[in-house]
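Peer 1: coordinates only, sequence not included:
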């Protein structure tokens, strides 16, 4: 680990007034949530179900729920790791103003982060797409664990769906707008565990940099923005963020 680079990032955060963290799947793989897009992962076994397909087709809805039931145990077992706790410490110490995340696992909130903007929703809840009644995911997945059918609402009969953004579905406008606002005013922008290729979320780090923010990328693999960033760190996320918090005396 490059201690000089860690110290530089810590120094930037120590004087920052509006630092922002932006997280992707890489921070959660360290909590045991697998890369579902890797060979042999869930996405290699199921065709993605677009939102308009979900609305129009019984078979698409059934395929969607079979996939979600296969993925659910990994989410249910996952717990926050050192990276999640480090970001919560940074927020509590007012070194960052909040977290923008592409993740749907709720691990930032479980670790203690209070201001979390979830671009793709939260898989810890299931909602009715007709009346928006909500349940915890545990309730619905347990109820339908051994049923090969699509869950329906006990209030209006509508179809149930995890409270996440599906393929072909728009991101929540208010969350996206606030994410761009925070990126615009940020003075340090930490892009953590994201491949930075999924739009429109991938535009946030570049936008922050264009608006004058000091851009830090912490990711296992190279990203399209590495040459554009002010600091790039390719070491494990948890240990890297822990090292930064220790430099700050947290």
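Peer 2: Cool, the structure landed. Note that the structure is a prediction, hence the values are computed from the model and not measured. Numbering: from 1, shown residues only.
Peer 1: next helix or strand past the strand or helix carrying residue 68?
Peer 2: For residue 68, the host element (DSSP states H and E) is helix 58-77. Sequence-wise, the next helix or strand downstream of helix 58-77 (DSSP H and E) is helix 82-92.
Peer 1: burial of residue 212, as a residue count?
Peer 2: 10 (other Cβ atoms under 10 Å). For the C-beta atoms, the positions are set from N, CA and C on the backbone; glycine is no exception.
Peer 1: now the spatially closest residue to it that is not a sequence neighbour, what are its backbone angles?
Peer 2: Nearest residue to residue 212, sequence neighbours excluded (Cβ to Cβ, 6 or more residues apart in numbering): residue 187, at 7.4 Å. When read as degrees, to the nearest 10, the backbone of residue 187 gives phi -110, psi -20.
Peer 1: before we move on, back to that, elements contacting the helix holding residue 68?
Peer 2: helix 42-45, helix 51-56, strand 121-128, helix 137-143 (3 or more Cβ pairs under 8 Å, 6 or more residues apart in numbering; DSSP states H and E).
Peer 1: partner strands of the third one, with direction?
Peer 2: Strand pairing for strand 121-128, using DSSP bridges, gives strand 134-136 (antiparallel), strand 160-164 (antiparallel).
Peer 1: looking at those, which is buried most?
Peer 2: Of all the strands paired with strand 121-128, strand 160-164 has the most neighbours on average by mean count of other Cβ atoms under 10 Å, namely a mean of 21.
Peer 1: picking up where we left off before, between the strands paired with strand 121-128, which one is nearest to residue 7?
Peer 2: In terms of Cβ to Cβ, the element of the strands paired with strand 121-128 nearest to residue 7 is strand 160-164, at 37.9 Å.
Peer 1: just put the strands paired with strand 121-128 in CSV and tack on distance to residue 212 and mean pLDDT.
Peer 2: Formatted as CSV, the strands paired with strand 121-128 follow (distance: least, Cβ to Cβ, whole Å; pLDDT from 0 to 100):
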stretch, distance to residue 212, mean pLDDT
strand 134-136, 40, 97
strand 160-164, 33, 97
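Peer 1: let me have those strands in CSV, extended by distance to residue 206.
Peer 2: Output for the strands paired with strand 121-128, formatted as CSV (distance: least, Cβ to Cβ, whole Å):
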stretch, distance to residue 206
strand 134-136, 34
strand 160-164, 25
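Peer 1: with adjacent residues omitted, what lies nearest to the most centrally placed residue in the chain?
Peer 2: Nearest residue to the geometric centre of the chain (Cα atoms, centre = their mean): residue 103, 1.7 Å. Once flanking residues are discounted, residue 103 sits nearest to residue 28: 5.4 Å by Cβ to Cβ, 6+ apart.
Peer 1: so that neighbour belongs to a helix, correct?
Peer 2: Yes - counting by DSSP: H, G, I helix; E, B strand; the rest coil, residue 28 is found in a helix.
Peer 1: list of residues touching stretch 62-77?
Peer 2: 32-34, 36, 42, 45-47, 49, 54, 105, 123-124, 137-138, 141, 144-145, 148-151, 161-162, 166 (Cβ atoms under 8 Å, 6 or more residues apart in numbering).
Peer 1: no further questions, thank you.
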